[in-house]
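Engineer: Fold the following and give me the result.
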Amino acid sequence: MSILEKSLSIIEFLAERPAGLSVSNIAQRVNQPASGVHRTLNELIRLGYVRQVQDQGDYALTMKPASATWRNRFSTGWRRRAAS
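Structural biologist: Modelled structure (predicted):
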């Protein structure tokens, strides 16, 4: 599994769990070693895709993936097609 596949599996998994989860829970569910998941999460934090929920130390997605989707839809004329 490539690093891109590993990263996307974490993002997709977190997209279904808005409250966030711990590194160990994420690692278990995406079938990746916790150390690798932790490194990936830190990189996703640096890039603005993930945040650490301070109260419990869990990790959750930011709004960046959703905002990228909306930017793409508007730039490709989605709004014009929806109005038709």
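
Engineer: tell me the centre residue of this protein?
Structural biologist: residue 11 (2.9 Å; CA atoms, centre = their mean).

Engineer: who's in contact with the helix or strand encompassing it?
Structural biologist: Using DSSP states H and E, residue 11 maps to helix 3-15. With contacts defined as CB atoms under 8 Å, 6 or more residues apart in numbering, helix 3-15 is touched by 1, 20-21, 26, 29-30, 32, 36-37, 40-41, 43-44, 49-50, 59-61, 65. Glycine gets a C-beta too; all of them are placed from N, C-alpha and C.

Engineer: Please indicate which of those are buried?
Structural biologist: The neighbour-count test (16 or more other CB atoms under 10 Å) marks 20-21, 26, 29-30, 32, 37, 40-41, 44, 49-50, 59, 61, 65 as buried among the contacts of helix 3-15.

Engineer: Out of those residues, name the ones that lie in helices.
Structural biologist: Secondary structure defined by DSSP state H assigns 26, 29, 30, 37, 40, 41, 44, 65 of those to helices.

Engineer: Can you convert these into TSV and add a column each for pLDDT and distance to residue 54?
Structural biologist: Below are those laid out as TSV (pLDDT from 0 to 100; distance: CB to CB, whole Å):
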residue	pLDDT	distance to residue 54
26	98	17
29	97	22
30	97	23
37	97	19
40	97	20
41	97	14
44	96	17
65	63	21
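
Engineer: For those, give me JSON lines that also has distance to residue 16.
Structural biologist: As requested, these are exported to JSON lines (distance: CB to CB, whole Å):
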{"residue": "26", "distance to residue 16": "12"}
{"residue": "29", "distance to residue 16": "10"}
{"residue": "30", "distance to residue 16": "12"}
{"residue": "37", "distance to residue 16": "16"}
{"residue": "40", "distance to residue 16": "17"}
{"residue": "41", "distance to residue 16": "16"}
{"residue": "44", "distance to residue 16": "16"}
{"residue": "65", "distance to residue 16": "12"}
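
Engineer: Max pairwise distance over the buried ones among the contacts of helix 3-15: which two?
Structural biologist: 32 and 65 (19.1 Å; CB to CB).

Engineer: chain center to stretch 1-18, what's the gap?
Structural biologist: With CA atoms, centre = their mean, to the nearest Å as the basis, stretch 1-18 stands 6 Å off its chain's centre.
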